[in-house]
Each structure stands twice: as C-alpha cells, then as structure tokens.
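K.L.:
Structural data only, the sequence is not supplied:
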C-alpha cells in the first residue's frame, strides 16, 4: 500500500482534491492522470469514502498492485515491443532484402513497434482512469 499525507483542498461529489508534497518518485509515477503539479507540490484527485472536508489532513492510499501493474505496462511493454520489432525487422531484412543493410529494417521495425505500443499504453491508461479500483482513495482523516 502506498500512503501519502495531505490536506483536502476541495471536495467534488465522491472525490476530493488533496495537496501533498512532491517527491522524486512523482517523476516516474504511473498515476500521473490523477495528479497535477503545483508550485507547492502535487494535487491528487482521490475518492472520498470517508467524507473528508476542506482543510482536513488526510491519508491518501493507492494499492501497490495498481502501481506495479501500471509501471510494468508503461515501461515494460514498450521495451518488449521495441526489442521484438527490432528482431523481427532484422530477420525480415536478412531474409527478403539481403542487398540492403538489415540493421535499417531492424531500426524501422523496432521504432514502429515502439510507437504502436505507446499508442496502446495511452489507450489502456485512458480506460484505466474510469475504473474506481485503480484510483487513489482517502483512507482516513488524521485531523
């Protein structure tokens, strides 16, 4: 479980905007769609099942499995696609275009696969934002 402590800035129906201190881990976080960077830190949009009000200090929680799964998809999938595309391009270049440098085909196929995987990740992350089980939530009111 990933925990952050912050102050509720605004409540909006079932969600709340919570200001938390920005950390180094924010740069590579997969939950960027739920956060906005401000001059003071980060604002997280979190589910508010405990009915926290503006000005209260709260504990925001995110399932570690969600974070790890997101990290693997955002970073691992493009890497795998890039390598697989490069290998396939190299093999196709060697088999069908022997008069040309097969490294060129490897580079083209690798980058094409990378771009396709990034588009797939973007579509997946858009669908994930609508699922409540993958969103951060306020676990308790501290004060």
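P.N.:
Cool, got the structure. Quantities reported herein were computed from a predicted structural model and do not represent experimental measurements.
K.L.:
next helix or strand past the biggest helix by length in the chain?
P.N.:
Taking DSSP state H as the criterion, the chain has its longest helix at helix 102-128. Beyond helix 102-128 on the C-terminal side, the first helix or strand identified by DSSP states H and E is strand 137-141.
K.L.:
So what touches that next one?
P.N.:
3, 8, 16, 18, 46-50, 52, 56-62 (Cβ atoms under 8 Å, 6 or more residues apart in numbering). Yep, even glycine has a C-beta here, placed from its N, CA and C like the rest.
K.L.:
For residue 85, list the residues it contacts.
P.N.:
Per Cβ under 8 Å, 6+ apart, neighbours of residue 85: 109-114.
K.L.:
What are the buried residues along the longest helix of the chain?
P.N.:
Neighbour counts using 16 or more other Cβ atoms under 10 Å place 102, 105-107, 109-110, 113-114, 117, 121, 125, 128 of helix 102-128 among the buried residues.
K.L.:
Dump these into CSV; add distance to residue 134 and pLDDT as well.
P.N.:
Shown next, in CSV, are the buried residues of helix 102-128 (distance: Cβ to Cβ, whole Å; pLDDT from 0 to 100):
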residue, distance to residue 134, pLDDT
102, 42, 91
105, 38, 95
106, 36, 96
107, 35, 96
109, 32, 97
110, 30, 97
113, 26, 97
114, 25, 97
117, 20, 96
121, 14, 91
125, 10, 81
128, 5, 72
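K.L.:
Looking at those, which is nearest residue 83?
P.N.:
Here the nearest of the buried residues of helix 102-128 to residue 83, counting by Cβ to Cβ, is residue 110; it sits at 7.3 Å.
K.L.:
Now do the SS call for residue 89.
P.N.:
Of the three states, residue 89 takes helix according to DSSP: H, G, I helix; E, B strand; the rest coil.
K.L.:
Could you save the contacts of residue 85 as TSV and add columns showing distance to residue 72?
P.N.:
Converted to TSV, the contacts of residue 85 look like this (distance: Cβ to Cβ, whole Å):
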residue	distance to residue 72
109	23
110	20
111	21
112	22
113	17
114	16
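K.L.:
related to what we said a few turns ago, any quick PyMOL command for the buried ones out of the contacts of strand 137-141?
P.N.:
With 16+ other Cβ under 10 Å as the burial test, the buried ones among the contacts of strand 137-141 are selected in PyMOL as follows:
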select buried, resi 8+16+18+46+47+48+52+56+58+59+60+61+62
